[in-house]
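Chemist: Need a 3D model of the sequence below.
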Amino acid sequence: MTNLKGKAALVTGSTSGIGLGIARQLAGQGADLMLNGFGDAAYIAELCQSLSAEFGVRVAHNGADMSKPEEIEAMVAATEAAYGRLDVLVNNAGIQHVAPVDAFPVERWDAVIAINLSAVFHGTRAALPGMKARGWGRVINIASVHGLVASVNKSAYVAAKHGVIGLTKVTALELAESDITCNAICPGWVLTPLVQKQIDALAASRSLSVEEAGRELLSEKQPSKSFVTPEQLGELAVFLCSEAAGNMRGAALTMDGGWTAQ
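Modeler: Numbers count the residues shown, from 1 in each chain. So this is what the prediction gives:
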């Protein structure tokens, strides 16, 4: 068990998928939450209320656009204003676009780099002064197996995720003598809305059922032939917040069903 009672966590891209899974696990250990992400206002209000009731923590939402540095800075400030602190920053928000390098739209490249890489820098930059003042913190960057290996047609995503791992290492080294750690989690295939879009596209292009497309996607890369779950990633994030992980610094931890073991 990791006691996060009295601490506050900001998880970007947390109204669904991996981010929500991580937020739930952090709340389960007592952390107050600042959620971030897009969605229907009524759904988000219900989500905040239900998480607060289930775990007995305070839950708020900030709709910062992760492509805009000034909104990221304001979100960090809003978290500190709401809870008096920000102890755990999970940089999770991400988007994807698939195309060959010579056909990759420039505006999509810029968007992927902005949200998947630059937002990690801007969030970390804004959160660290408060963590340093309080003498404790955890920065957890959700990278990807694509931060370690590549796949065709994913130039922007692979470049961004490799950059996230590099940024994680630099941040960890700069904080090495403090009680603030920075590590990256590198998931394989996780059945999130982002991956579901890729499954649906594969099914349409190959005239497969959605189930067949999902199995084909997994069999190509992930030896376990099963999706990683947001809950599993959340448990790993909780471990990174524990004292047991206090000397884990700059690590890129895979949870990928054996993808990068091949």
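
Chemist: Show me what counts as buried in stretch 89-101.
Modeler: Buried positions in stretch 89-101, judged by neighbour count with 16 or more other Cβ atoms under 10 Å: 89-98. C-beta here means a position set from N, CA and C on the backbone, and glycine is covered the same way.

Chemist: so which of those residues comes closest to Gln196?
Modeler: Proximity of those to Gln196, judged by Cβ to Cβ, is greatest for Gln96, which lies at 11.4 Å.

Chemist: quick one: secondary structure of the closest one?
Modeler: Following DSSP: H, G, I helix; E, B strand; the rest coil, Gln96 is assigned to coil.

Chemist: Kindly provide the distance from it to Gln25.
Modeler: 24 Å (Cβ to Cβ, to the nearest Å).

Chemist: Show me where the stretch 1-150 of the chain has its helices.
Modeler: Assigned by DSSP state H, counting those that start in this stretch, the helices in the stretch 1-150 of the chain fall at 17-28, 41-55, 69-83, 106-113, 119-134.

Chemist: Show me what the first one is in contact with.
Modeler: With contacts defined as Cβ atoms under 8 Å, 6 or more residues apart in numbering, helix 17-28 is touched by 4, 9, 11-14, 33, 35-37, 47, 51, 54-55, 57, 59, 88, 90, 92-93, 140, 142, 187, 190, 192-194, 229-231, 233-235, 237-238, 241.

Chemist: Which of these fall within strands?
Modeler: Secondary structure assignment (DSSP state E) places 9, 11, 33, 35-36, 59, 88, 90, 140, 142, 187 from these within strands.

Chemist: can you pick the most crowded of these?
Modeler: Within these, most neighbours by other Cβ atoms under 10 Å means Val11, with 32 neighbours.

Chemist: where does that residue land on pLDDT?
Modeler: Listed pLDDT for Val11 reads 99.

Chemist: That one bridge partners, please.
Modeler: Leu35, Val90 (DSSP bridges).

Chemist: isn't it right up against Met34?
Modeler: Yes. Using Cβ atoms under 8 Å, Val11 is in contact with Met34, at 7.5 Å.

Chemist: Which positions within the lowest-mean-pLDDT helix or strand in the chain qualify as buried?
Modeler: Evaluated with mean pLDDT, DSSP states H and E, the helix-and-strand set of the chain has its lowest mean pLDDT in helix 193-206, which scores a mean of 88. The neighbour-count check on helix 193-206 (16+ other Cβ under 10 Å) flags 195, 198-199, 202-203 as buried.

Chemist: Report the angle between that helix and helix 17-28.
Modeler: 150 degrees (axes from the mean of the first three to the mean of the last three Cα atoms, to 10 degrees).

Chemist: Can I get helix 193-206 in PDB, CA atoms only?
Modeler: Once side chains and other backbone atoms are set aside, the C-alpha atoms of helix 193-206 remain, and they are given as PDB (Å, rounded to 0.1, in the frame of the first residue of the first chain):
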ATOM      1  CA  PRO A 193     -10.200   5.000 -27.400                       C
ATOM      2  CA  LEU A 194      -7.000   5.900 -29.300                       C
ATOM      3  CA  VAL A 195      -6.200   2.300 -30.000                       C
ATOM      4  CA  GLN A 196      -9.800   1.400 -30.700                       C
ATOM      5  CA  LYS A 197      -9.700   3.900 -33.600                       C
ATOM      6  CA  GLN A 198      -6.700   2.000 -35.000                       C
ATOM      7  CA  ILE A 199      -8.500  -1.300 -34.600                       C
ATOM      8  CA  ASP A 200     -11.600   0.100 -36.400                       C
ATOM      9  CA  ALA A 201      -9.400   1.400 -39.200                       C
ATOM     10  CA  LEU A 202      -7.700  -2.000 -39.600                       C
ATOM     11  CA  ALA A 203     -11.000  -3.800 -39.600                       C
ATOM     12  CA  ALA A 204     -12.300  -1.400 -42.400                       C
ATOM     13  CA  SER A 205      -9.200  -1.700 -44.500                       C
ATOM     14  CA  ARG A 206      -8.900  -5.400 -44.300                       C
END
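
Chemist: I'm done for today, thanks for sticking with me.
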